[in-house]
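1. Any chance you could fold what I've pasted below:
(2 chains)
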Amino acid sequence: MFIIGYDCITSSGNGFEAMMESLYSGFDNSTNVEPDGGKVCFLKNRNLSTSAIKDQFISSLSEIFNNIVGRLSEDLKNDFSKKRVGVIFCTTKGCIEDYIWKGDLSTFNHDPYESILNGFIAKNAQAHFSFSCTLSNACSSSHVGVEYAQELFAQDRLDYILIIAGDLIGPFVYKGFNSLKVLTHTANAPFDQLRTGLQLGDGMAGMLLAKESQADEGLKIDSVSSETEGALITRPSVNGHGLLEALHRAKNSQAKFSMPDFVIAHGTGTTFNDLTEDSALSQFFSNEKNKPPVTGTKWSVGHTLGASGLLDFIAACEVIKNQNLFPLSRTTAVDPKFEMNYFLSNEISSPNRRPMRRALITSLGFGGIHAALFLSKRKLGAE
Amino acid sequence: MKASLTKSALVTCVKPTVAPAWSSRIDRWSQLDDSCFTFCEALHTWDYLVGLEKPQFIFIVLPNASNQADLDFVNSGAASPSKFVFTLPNICASVLFQLIPFSGRTFCISKDHDSLRFALSEAEEMARGNRSCWVFANLRATEKDTRHVEFYSFSNKN
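-> Below you'll find the model as predicted:
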């Protein structure tokens, strides 16, 4: 499946360009939330509030969609308007703040996702979405959304699928993560030997996928796979088995597989996430003489939960376009137990000796879910 | 194409004072929310599922999302980590898979009151495309302190 367009809104500003500028310049968008002091990266003019979450979802996701469509060529716009189009909404808990604190169970008969998705579809009625649903698979929701799109395309049920994803950080999410004692109060430093936890982040993103492409070259999702295991609920298996299984399944589903040139890891900065991720990646790349550089985005824009995967896919596309990898700017000394090649900002030279054409983006979530997605830039018919 | 196997049970959410027979197979069973607890109770009586050929995909269906678990977390003072983790709908899969046992691709799919019909329709479509699927649903029941647990199996061999 082909990537036709994308955009996002993060704490660094509106548009993917703002996110990339933060990542390339080493800017951390987080603030400390009082009185606990946990780190959160808020969208502009937001704080830990409960107001108008639904409205913000609909308006921000619509802005993203309009930006994506607005950048399409006239031929693509024309094709998009005539073909079968679906939309998949990927989210977790960042959309319930409007009503959850009111405490009346009688008002809770509806799921919180459908009203947002229906509001989005109504506001963008010109797109004539013939398929829609929500997928909520914790922090791997974006990966699972694209995995579902992969199946829909494989069965020739749609021609275009818009993946939209978002979570906004309100008191519910903040207090939940605070209760788990996984929020950092200092710098978020994934894979660092002194890492102290994750920072949360508001995030909205969209990516338009097509079953086929007539372009001479473009960005393509080669494969994606998830793996849910019956393990401990808040901790992934330390040996990385679940993520390794997802990696191998995604690899084996490609007719001709090439190892990625770089990795955008989930990299939350918690003890167990980073340990599991390094274990799985080092096993996957065990036969590689030169392991690919590993980086991440959460030190800059925070952990945006259901949107985090889509933001990382967008970042990977931009790295390939720019041929410039951003570092883990807040990580100063990699945990000596780790085996992967983490790209830190104190490295002067480019981490790659080869062009960056292929990316791997990984994800881990509560509930034993792990996911891996491979994307690449390639000429049409070059597989 | 219809489901080759369906099961349905009305299950009480009230936890027993002694550990249930399946408790040793579940991480911290006493902390389970209503959805996960009733899934476990039902699966224990449907233990022949363990011997069935495992599907390529599993759909988890919670038409009211995790609203009850969300409210439980808020009512506990929004400070209980064990209550917070059950506010994620996909947590049910992790609990289910400790009992089945299973690991694989899971879609926690949602479409409000239409969630179950939609998931069954999607599972049928998947089966037409030679993908075997199971659907686990956990629905609010009209009877107090109970939930409906439902199971459906689809495959191209139907």
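2. Read off the pLDDT value for the residue in the stretch 151-300 of chain A that chain B sits nearest to.
-> For the stretch 151-300 of chain A, the residue closest to chain B is A:Gly230, as judged by CB to the nearest CB, at 2.9 Å. From N, CA and C alone the C-beta is placed, and that goes for glycine too. The score at A:Gly230 is 82. That number is its pLDDT.
3. what's the closest non-adjacent residue to it?
-> B:Phe97 (2.9 Å; CB to CB, 6 or more residues apart in numbering or on different chains).
4. what sits against the one you found?
-> If you count contacts by CB atoms under 8 Å, 6 or more residues apart in numbering or on different chains, B:Phe97 has them with A:228-230, A:368, B:103.
5. that older thread, was I right to think the residue of the stretch 151-300 of chain A closest to chain B contacts B:Leu99?
-> Yes. If you go by CB atoms under 8 Å, A:Gly230 and B:Leu99 touch, sitting 7.5 Å apart.
6. residue contacts, residue 21?
-> Went with chain A since none was named. So A:Glu21 contacts A:12, A:27 (CB under 8 Å, 6+ apart).
7. wrong chain, I was asking about chain B
-> With CB under 8 Å, 6+ apart, B:Ala21 has these contacts: B:His44.
8. Name the SS class of it, please.
-> With DSSP: H, G, I helix; E, B strand; the rest coil as the basis, B:Ala21 sits in coil.
9. Go ahead and list the helix or strand containing B:Ala127.
-> B:Ala127 is part of helix B:115-128, with elements assigned from DSSP states H and E.
10. Render the CA-only coordinates of that helix in CSV, please.
-> Only the C-alpha atoms of helix B:115-128 are listed here, as CSV (Å, rounded to 0.1, in the frame of the first residue of the first chain):
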residue,chain,number,x,y,z
SER,B,115,-20.1,-2.8,17.3
LEU,B,116,-21.1,-6.5,17.5
ARG,B,117,-23.0,-6.5,14.2
PHE,B,118,-20.1,-4.7,12.6
ALA,B,119,-17.5,-7.0,14.0
LEU,B,120,-19.4,-10.1,12.9
SER,B,121,-19.8,-8.6,9.4
GLU,B,122,-16.1,-7.9,9.3
ALA,B,123,-15.2,-11.4,10.5
GLU,B,124,-17.4,-12.8,7.7
GLU,B,125,-15.7,-10.6,5.1
MET,B,126,-12.3,-11.8,6.5
ALA,B,127,-13.4,-15.4,6.3
ARG,B,128,-14.4,-14.9,2.6
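11. List the contacts of that helix.
-> Outside helix B:115-128, the residues that reach it (CB under 8 Å, 6+ apart) are A:111, A:133, A:151, A:155, A:157, B:1-3, B:56-57, B:59, B:61-63, B:109, B:111, B:132-135, B:137, B:139, B:150, B:152, B:154-156, B:158.
12. In helices, which of those appear?
-> Among those, DSSP state H puts A:Glu151 in helices.
13. Just the buried ones from the contacts of helix B:115-128, in PyMOL syntax?
-> Per 16 or more other CB atoms under 10 Å in any protein chain shown, the buried members of the contacts of helix B:115-128 correspond to this PyMOL selection:
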select buried, (chain A and resi 111+133+151+157) or (chain B and resi 3+57+59+61+62+63+109+111+132+133+134+135+137+139+150+152+154+155)
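14. separation between whichever residue of chain B sits closest to chain A and A:Ala231?
-> Chain A sits closest to B:Phe97 of chain B, with a gap of 2.9 Å, by CB to the nearest CB. Distance of B:Phe97 to A:Ala231, computed by CB to CB, to the nearest Å: 8 Å.
15. quick one: the strands in chain B?
-> B:5-12, B:57-61, B:103-110, B:133-140, B:146-154 (DSSP state E).
16. Which among the ones you listed is found nearest to A:Met356?
-> strand B:103-110 (28.7 Å; CB to CB).
17. taking the mean pLDDT, what do you get for the closest one?
-> Averaged over strand B:103-110, pLDDT sits at 95.
18. and if you look at stretch B:88-98?
-> Mean per-residue pLDDT for stretch B:88-98: 91.
19. chain center to that stretch: distance?
-> 7 Å (CA atoms, centre = their mean, to the nearest Å).
20. And stretch A:108-125, what's buried?
-> A:108, A:111-117, A:119-121, A:124.
21. How about the residues of the stretch 1-150 of chain A by chain B?
-> A:92-93, A:96, A:100-101, A:103, A:105, A:108-115, A:132-138, A:144, A:147-148 (CB under 8 Å from any CB of the partner chain).
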